[in-house]
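> Okay, structure incoming, though there's no sequence with it:
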């Protein structure tokens with residue numbers, strides 16, 4: 001029995017994952033990951049790292065982060081508590097949707113995840129207080145390979161649903177995309 005529905009988005013490879021729940025009077029079981037099922041939608045590398053984060057304040061923006069090849073990563077992002085507006089930006093060189101973004105609401109309630117392939121930047125905005133996320137990564141973090149976009153870059157035009165209440169100094173200071181930026185090869 002398949003435990004997930006994989007829902008394509010307008011950006012090729014970026015996939016919304018709906019976890020199917022088995023539930024009765026005692027509670028529920030929801031599978032977060034299955035190598036066999038995820039291989040069918042492009043996550044063929046093993047999970048190399050799992051991160052758990054907490055963002056306390058509503059309206060906070062984090063990101064937009066990515067890793068350059070050969071340390072590019074696929075991410076599976078899930079919200080364990082609260083609700084976020086999760087965003088992925090296509091940075092793949094030559095992609096017909098280069099620099100397009102797609103956003104979805106992820107929450108503990110809707111039991112959805114976003115599968116973000118290599119070549120995408122990722123960020124989110126908290127829609128509630130105390131948002132906890134879990135990230136499954138196909139590559140371990142490599143600081144020298146990290147890249148980032150400015151979440152307020154007008155060239156991206158991301159429609160964050162709330163006014164930004166906070167953003168780290170580091171994320172606020174990411175440069176705007178240069179006119180000659182051609183993307184990353186994955």
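Right, received. Where do you want to start? Since the structure is predicted, the reported quantities are computational estimates derived from the model, not experimental observations. Residues are numbered from 1 along each chain as shown.
> and stretch 101-114, what's its mean pLDDT?
Stretch 101-114 shows a mean pLDDT of 97.
> buried residues in it?
101-104, 106-107, 111-114 (16 or more other C-beta atoms under 10 Å). Glycine gets a C-beta too; all of them are placed from N, C-alpha and C.
> Between the two ends of that stretch, how far is it?
13 Å (C-alpha to C-alpha, to the nearest Å).
> For the residue nearest in space to the middle of the chain, pull up the helix or strand it's in.
By C-alpha atoms, centre = their mean, the chain has its centre lying nearest to residue 122, at 4.6 Å. Assigned by DSSP states H and E, residue 122 falls within strand 120-126.
> and the helix or strand following that strand, what does it pack onto?
Per DSSP H and E, strand 120-126 leads on to strand 131-137 as the next helix or strand towards the C-terminus. For strand 131-137, the packing partners by 3 or more C-beta pairs under 8 Å, 6 or more residues apart in numbering; DSSP states H and E come out as strand 49-55, strand 75-81, strand 83-90.
> tell me the secondary structure for residue 147?
What DSSP: H, G, I helix; E, B strand; the rest coil gives for residue 147 is strand.
> That one contacts residue 67, doesn't it?
Yes. Residue 147 is in contact with residue 67 according to C-beta atoms under 8 Å; the separation is 6.9 Å.
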